[in-house]
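**Q** kindly generate the corresponding structure for this input.
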Amino acid sequence: MRGYPKTKPFATIDEIKSYLDGDKVTCLLCGREYTALGGHITTKHEMTSDDYRELFGIPYSYGLAGKPFRENVSRRTKLLRKEGRVPPQPSLKTMKKMWQARKNRRPFTTATRQESRQKLLKFFDKERKWQKGDYEEFLRRVMTGRTASEVGEDKDMPTRATFLIYLQQNPVMKKKYDAYWKKQSFALQSSAGKLDDRYFQTLVRLRERSLTWKEVAAKMKVKESTVRNMWYLLKRSGRLKKYLKKV
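**A** A predicted model of the protein is given here:
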């Protein structure tokens with residue numbers, strides 16, 4: 001149909017909700033309307049529902065169906081649970097699949113990021129978006145010897161998570177941040193939860209000298225439980241061999 005396919009993804013959650021709020025949903029690839037898009041997308045456009053969501057920036061948890069269809073599914077599910085035909089909680093098998101999916105979490109859509117950013121601004125009564133200067137100030141405070149989590153608790157600063165997302169989008173600042181942390185004490189690195197190869201190599205080298213956990217911790221100036229737990233974490237993950245080769 002004329003005007004299709006659409007090429008731009010949704011920019012906000014409000015746009016997505018408006019798109020899915022009608023009795024039917026318009027296919028953004030061809031312009032046809034359906035109560036549910038799943039079958040149409042697969043058969044006519046040879047695309048999965050998740051591919052469609054990714055193309056148009058729709059969060060993966062959103063159903064591609066009209067509002068009445070989604071409400072009917074919800075009511076039927078609740079009724080089946082009430083009748084005992086559907087368990088009130090996911091089965092162990094389903095929970096394992098959900099846990100595995102969390103490990104392969106898909107990236108946030110543009111609209112989701114925008115929504116999170118607006119909630120942060122509203123929470124801190126901040127009328128403007130976080131600017132480059134805000135993130136530069138965040139980094140400056142970190143470089144005074146504080147962790148990103150500590151700075152993220154300042155009322156006038158973005159959260160730690162928001163700052164880390166910004167770093168991923170700005171390689172120059174990320175490089176500066178990473179270079180700073182590589183030079184910091186192991187105690188500060190442990191406190192921030194940001195460890196690098198220097199930390200692991202030192203831990204393995206000291207342990208291979210037959211030092212006790214207490215002695216290793218004293219030399220690295222961290223808690224005994226921290227180095228001991230990290231050693232076994234490296235061992236369980238199979239990464240220990242990598243550092244043993246460098247000793």
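
**Q** pretty sure Thr226 contacts Ala217?
**A** Yes: proximity of Thr226 to Ala217 meets the contact threshold set by CB atoms under 8 Å, at 7.1 Å. Backbone N, C-alpha and C define where each C-beta goes, glycine included.

**Q** hey, C-alpha coordinates of the lengthiest helix in the chain in CSV?
**A** Criterion DSSP state H: the longest helix present in the chain is helix 67-82. This file holds the C-alpha atoms of helix 67-82, laid out as CSV (Å, rounded to 0.1, in the frame of the first residue of the first chain):
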residue,chain,number,x,y,z
LYS,A,67,-5.9,-4.3,22.3
PRO,A,68,-9.1,-6.4,22.3
PHE,A,69,-7.1,-9.5,21.3
ARG,A,70,-4.5,-9.0,24.0
GLU,A,71,-7.3,-8.4,26.6
ASN,A,72,-9.1,-11.6,25.6
VAL,A,73,-5.8,-13.7,25.9
SER,A,74,-5.2,-12.2,29.3
ARG,A,75,-8.8,-13.0,30.5
ARG,A,76,-8.6,-16.5,29.2
THR,A,77,-5.3,-17.2,30.8
LYS,A,78,-6.6,-15.9,34.2
LEU,A,79,-9.7,-18.1,33.8
LEU,A,80,-7.6,-21.2,33.0
ARG,A,81,-5.4,-20.5,36.0
LYS,A,82,-8.5,-20.1,38.2
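
**Q** buried set for it?
**A** Residues of helix 67-82 classed as buried by neighbour count (16 or more other CB atoms under 10 Å): 67, 69-70.

**Q** do stretch 155-174 as well
**A** Using 16+ other CB under 10 Å as the burial criterion, the residues of stretch 155-174 that qualify are 157-160, 162-163, 165-167, 173.

**Q** now do the strands in this protein.
**A** In the chain, the strands defined using DSSP state E lie at 25-26, 33-34.

**Q** burial measure for Val151, as a count.
**A** Counted with other CB atoms under 10 Å, residues neighbouring Val151 total 21.
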